[in-house]
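S.K.: Need a 3D model of the following:
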Amino acid sequence: MPLQGQAAGYVPLEATRQSADHGLPCVAKTRIEVIPDSYVDDIREVEAEAVAGICARLIGNIRIRRGDRELHTLSAGDIALLAPIGTELWRYERALEEAGLPFSSQAGKNFYRRQEVQDLVALVRAIAEPRDTIALGALLRGPLVGLTEQELLDVSETVALAAEVGAPAPRLNIYTDPKLVLHPLVLRTLAVLRDLRLQVRTTAPALLLTEAVERLNIRAVLMNRSADQASRMLANVDALLEKARAYGGRGFRQFARDLDDEWSSRLSHDEGVVDADEHAIKIVTIHSSKGLEWPVVIPINTASGMRPPGQFVYRRGDDTMHWVLDDVVPPDLANALTAETQEESEQRLRLLYVACTRAMDLLVLPEFSSVKDGCWAREVDFKLGRLPELDIGNFAIKVFPKSADPPNPQTHAQFEAEQAEIDQNAEPVRWILPSDGDPDIVSFEASPVTAWKRTDEIMVRVGGAVRGVVLHKLMEELITGELAGDGDAVNERARQLCQELGTELDIDEVTATALRTWSLTELAEYKPGLIAEVPIYGMLDGNPDRLVSGRADAVAYGAGKARVVFDWKSDAAPQTAARNTYSSQIGQYMKVLGAERGAIVYMSHGQIQWVSSS
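M.R.: Model (predicted):
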């Protein structure tokens, strides 16, 4: 059928199958009884329960033809639920789960509504803030730990009763004295949380959360919670870990704050990607279903309303934008709104057309007894009064077969023997870590220290590791262009870094040191190809037994290869042994990268030491 507004070329549809073998009408309706003037969420609840019941009765009771044109008994993977929008699809997922039916949601944006994600949000909050007793209680009471309310109350009461007379009753938290906790599971959980809490300032959020997942056996718990939904839950865990990787520089506390804000605001967020399961009911948006087909298709969520008009109206015909500015209404706004409304109506018509042509054997259309105007169900008159009712009341609900794990015949003695064999035959990987002062050094030729001519004398009043961190960060941002090379900008950035690190430094001295280094004549010719913080992994002289792992402060590239490796040193008084170690360190990086030269820059003393490959 031609669609209004579409380009020419549409022709009437012709069926590619003459008849179905399931004994039911190929297109049927199912009556959804709704109380008049019900809220959309209430309608969704009733529809979700009805659709889950239809799926449960169809599976195993009718015969359909798949892409191979052979007859098969209908399985869960032969059914698709197509939604025009992804709003509130968790209601349909919950109904399928309560019916014991496996499903795979490709339209899920309910990341923060998922139980496993809420458990992890509570875990992150409990680690980031020990005083957050609500998060700790949610974690202990939730399915990850699994305390009953009575058990949690008993543990909390025992802690409160230990307070001295007249003192405020303490609350259960991760620093509670272990002697007061008699519940073994709570005791183990608090011990893990305490260990993780100690790493908040020194460990990247992703690594810390990964350790928490491993030590609390979260993956195993989720696998045992629901075999049908295990892959989806594990995918969401991985999605949260991936989210944490973006906070490597901002820290765990900021990650916890942002995560809590998104969860509290019920942010719509994509769930983790799950590989398609051929044995699960598919929940897919209509837009994503283009080009796909299933033996049975049921459109869902059509009681949802249309998207309200936005503040800005775009008219595609003349590529113009229209909006109201205060009380000024542009003369073409009404025409633009009409054009936009017409375009959206045609788009909705195309989507519903797609939904109705995805079914190969059976299309089931919900018919609501009462639904408001302006929703998807009222967009097209499907002539539901002419369609037969889907009559499957006599179909018995069959128990969905679940694959059982094969028995594990391995004994403890066999496991120990196999582990010993693996340990005996496995060759340990030994990484050389030059940046950590690895003693496994290689000899390189280093020239004498060359002093730059200086007319001023700047005293390093406060030194140490923190000053070195600030100087390295300033150099990194000067190289990347994040920081302008003028005194005021560098001075202000140094001040910010000191505040973030909670330390006091001689800001003027640090600024002068960084700017002096950045303005070096020897550095000028390499600036166009200079890259900061270069990770290095490789072999020394092609020897697989000598693997190097480290990070160069900066590397100058030219003609597609590394030319010079730079190492910024902030030592206030470098000794001969330290200079030799630095020379070896940068020399190993040169070997791995194939660079001809290395430059050890002693920023505090205005000295440079060139290292050449031997």
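
S.K.: Helices of the stretch 201-350 of the chain, start to end?
M.R.: Using DSSP state H, counting those that start in this stretch, the helices found in the stretch 201-350 of the chain span residues 205-215, 218-225, 230-245, 252-264, 333-356.

S.K.: Now these in a markdown table, please, with extra columns for mean neighbour count and distance to Leu187.
M.R.: All C-beta atoms are positioned from the backbone trio N, CA, C, and that covers glycine. Converted to a markdown table, the helices of the stretch 201-350 of the chain look like this (neighbours: other C-beta atoms under 10 Å; distance: least, C-beta to C-beta, whole Å):
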| stretch | mean neighbour count | distance to Leu187 |
| --- | --- | --- |
| helix 205-215 | 19 | 14 |
| helix 218-225 | 16 | 18 |
| helix 230-245 | 18 | 25 |
| helix 252-264 | 18 | 24 |
| helix 333-356 | 16 | 54 |
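
S.K.: quick one: which of these is nearest Val51?
M.R.: Nearest to Val51 among the helices of the stretch 201-350 of the chain is helix 333-356 (14.1 Å), distances taken as C-beta to C-beta.

S.K.: could you give me the average pLDDT of that closest one?
M.R.: Mean per-residue pLDDT for helix 333-356: 80.

S.K.: Make 35 the first number, not 1, from now on.
M.R.: Will do, 35 is the new start, and the previous item becomes helix 367-390.

S.K.: helices or strands up against the helix or strand just after that helix?
M.R.: Downstream of helix 367-390, the first helix or strand assigned by DSSP states H and E is strand 393-402. Packing contacts for strand 393-402, counted by 3 or more C-beta pairs under 8 Å, 6 or more residues apart in numbering; DSSP states H and E, involve strand 61-66, helix 74-92, strand 97-99, strand 328-333.

S.K.: With distance to Leu418 as extra columns, can I get the helices of the stretch 235-384 of the chain in TSV?
M.R.: TSV is the format used below for the helices of the stretch 235-384 of the chain (distance: least, C-beta to C-beta, whole Å):
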stretch	distance to Leu418
helix 239-249	49
helix 252-259	40
helix 264-279	34
helix 286-298	40
helix 367-390	12
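
S.K.: closest one to Leu130 among those?
M.R.: Comparing the helices of the stretch 235-384 of the chain by C-beta to C-beta, helix 264-279 comes nearest, at 11.9 Å.

S.K.: May I have that closest one exported as CSV, CA atoms only?
M.R.: Taking Å, rounded to 0.1, in the frame of the first residue of the first chain, the C-alpha atoms of helix 264-279 are listed here in CSV:
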residue,chain,number,x,y,z
ALA,A,264,22.1,-14.2,33.9
SER,A,265,23.6,-13.0,30.6
ARG,A,266,21.6,-9.7,30.9
MET,A,267,22.6,-9.1,34.5
LEU,A,268,26.3,-9.8,33.8
ALA,A,269,26.2,-7.5,30.8
ASN,A,270,24.9,-4.7,33.1
VAL,A,271,27.6,-5.3,35.6
ASP,A,272,30.2,-5.0,32.7
ALA,A,273,28.5,-1.8,31.5
LEU,A,274,28.8,-0.3,35.0
LEU,A,275,32.5,-1.3,35.1
GLU,A,276,33.0,0.3,31.7
LYS,A,277,31.3,3.5,33.0
ALA,A,278,33.8,3.5,35.9
ARG,A,279,36.8,3.5,33.5
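
S.K.: rewinding a little: which of the helices and strands packed on strand 393-402 is buried the deepest?
M.R.: strand 328-333 (a mean of 25; mean count of other C-beta atoms under 10 Å).

S.K.: What's the mean pLDDT across that strand?
M.R.: Averaged over strand 328-333, pLDDT sits at 94.

S.K.: isn't there a helix covering Leu115?
M.R.: No: applying DSSP: H, G, I helix; E, B strand; the rest coil, one finds Leu115 to be strand, outside a helix.

S.K.: contacting residues for it?
M.R.: Shown in contact with Leu115 (C-beta atoms under 8 Å, 6 or more residues apart in numbering): 85, 126, 315-318, 331-334.

S.K.: still on that earlier bit, what's the closest of the helices and strands packed on strand 393-402 to Phe416?
M.R.: The closest of these to Phe416 is strand 61-66. By C-beta to C-beta, the value is 8.2 Å.

S.K.: Now do that closest one against helix 74-92, angle only.
M.R.: For strand 61-66 against helix 74-92, the angle by axes from the mean of the first three to the mean of the last three C-alpha atoms, to 10 degrees is 130 degrees.

S.K.: by contact count, what packs against strand 61-66?
M.R.: Other elements packing on strand 61-66 under the criterion 3+ C-beta pairs under 8 Å, 6+ apart are helix 74-92, strand 393-402.

S.K.: thinking again about what came up before, out of the helices of the stretch 235-384 of the chain, nearest to Arg529?
M.R.: With distances scored as C-beta to C-beta, the stretch of the helices of the stretch 235-384 of the chain nearest to Arg529 is helix 286-298 (20.0 Å).
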